[in-house]
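K.L.:
Task: produce atomic coordinates for the following.
(2 chains)
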Amino acid sequence: GDSVTQMEGPVTLSEEAFLTINCTYTATGYPSLFWYVQYPGEGLQLLLKATKADDKGSNKGFEATYRKETTSFHLEKGSVQVSDSAVYFCALSPYSSASKIIFGSGTRLSIRP
Amino acid sequence: GAVVSQHPSWVICKSGTSVKIECRSLDFQATTMFWYRQFPKQSLMLMATSNEGSKATYEQGVEKDKFLINHASLTLSTLTVTSAHPEDSSFYICSARADREADTQYFGPGTRLTVL
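P.N.:
The predicted structure follows:
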């Protein structure tokens, strides 16, 4: 069945470092891909999404490109801030079911000042 | 922005009792809401899809008589864990799909259930 695999955390970086969180997926057809973020004490928020191959989603300095050839949707940011500390979830919505979201296990990111 | 609340944020109960968790969309209408369960260091797993005015659709392996879902209005869905047991202890998260934005789900902060 459809699934999402993302790198295990926790990931600890210094402020202004470059961030990559890897995410790969298994799915039939053409799923939509998402990154969600959960800040401490808050609900999940949609960070960015891409709905077809080669699309790039971006928001708040974060970017991810839908790579069908490598079935990947890696999250990147050029210069992280302390306020980016959170748990990041990669997710997909199967082509056959626009309502259903399948999540990865989440990656906890901590940024040191 | 769209806000979803859950109540309570945490609950501790004795084995054999029932617990109700509420999920509300505060500033938008949501015909469809979703209930997820998350175990420590694991993915969110979809339990069921809740549609206002109709029966919920449960994912394979989820006991519908164990996890009762009611979606009586466009802003409220409830999940009742009946005859709870320690293995039901988990983090329960709801989301709501705004009627005006069919491809986006807004998530609540979650409810931590501990069954003693």
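K.L.:
I'd guessed B:Val62 sits against B:Ala48; true?
P.N.:
Yes. Applying Cβ atoms under 8 Å, one finds B:Val62 in contact with B:Ala48, separated by 6.2 Å. For every residue, glycine as well, the C-beta is placed using N, CA and C.
K.L.:
Those two: which is more packed in?
P.N.:
Between B:Val62 and B:Ala48, B:Ala48 has the larger neighbour count (other Cβ atoms under 10 Å in any protein chain shown), namely 22 against 17.
K.L.:
Please name the residues that touch the more buried one.
P.N.:
Applying Cβ atoms under 8 Å, 6 or more residues apart in numbering or on different chains to B:Ala48 gives the contacts B:Phe34, B:Trp35, B:Ala56, B:Thr57, B:Tyr58, B:Glu59, B:Val62, B:Lys64, B:Phe67, B:Ile69.
K.L.:
so what's it scoring on pLDDT?
P.N.:
At B:Ala48 the predicted local distance difference test score is 94.
K.L.:
Ok, B:Glu52 next?
P.N.:
As predicted, B:Glu52 sits at a pLDDT of 87.
K.L.:
Quick one: neighbours of it, just the number.
P.N.:
18.
K.L.:
hmm, who's touching stretch A:52-66?
P.N.:
Identification of contacts with stretch A:52-66 by Cβ under 8 Å, 6+ apart yields A:23, A:30, A:33, A:35, A:47-51, A:67-68, A:73-79.
K.L.:
Show me what counts as buried in that stretch.
P.N.:
Burial within stretch A:52-66, assessed by neighbour count using 16 or more other Cβ atoms under 10 Å in any protein chain shown, is assigned to A:Gly57, A:Phe62, A:Glu63, A:Ala64, A:Thr65, A:Tyr66.
K.L.:
end to end, how far does it reach?
P.N.:
Counting by Cα to Cα, to the nearest Å, the length from the leading to the trailing residue of stretch A:52-66 is 7 Å.
K.L.:
mind listing what the residue in chain A sticking out farthest from the centre touches?
P.N.:
Summary for chain A: using Cα atoms, centre = their mean, the residue whose C-alpha lies farthest from the chain's mean C-alpha position is A:Pro113, with a distance of 23.0 Å. For A:Pro113, the set of contacting residues under the criterion of Cβ under 8 Å, 6+ apart consists of A:Glu15, A:Val82.
K.L.:
Just the CA coordinates for stretch A:73-88, please, in PDB.
P.N.:
Once non-C-alpha atoms are left out, stretch A:73-88 reads as follows in PDB (Å, rounded to 0.1, in the frame of the first residue of the first chain):
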ATOM      1  CA  PHE A  73       9.900  15.200  -1.600                       C
ATOM      2  CA  HIS A  74      12.800  16.400   0.500                       C
ATOM      3  CA  LEU A  75      12.300  19.500   2.600                       C
ATOM      4  CA  GLU A  76      15.000  22.200   2.500                       C
ATOM      5  CA  LYS A  77      15.700  25.600   4.000                       C
ATOM      6  CA  GLY A  78      18.800  27.700   3.400                       C
ATOM      7  CA  SER A  79      19.100  29.300   6.800                       C
ATOM      8  CA  VAL A  80      17.100  28.000   9.700                       C
ATOM      9  CA  GLN A  81      16.000  30.000  12.700                       C
ATOM     10  CA  VAL A  82      15.300  29.100  16.300                       C
ATOM     11  CA  SER A  83      11.600  29.600  15.600                       C
ATOM     12  CA  ASP A  84      11.800  26.700  13.100                       C
ATOM     13  CA  SER A  85      12.100  24.200  15.900                       C
ATOM     14  CA  ALA A  86       9.200  21.900  15.500                       C
ATOM     15  CA  VAL A  87       8.200  18.400  14.300                       C
ATOM     16  CA  TYR A  88       7.900  18.100  10.500                       C
END
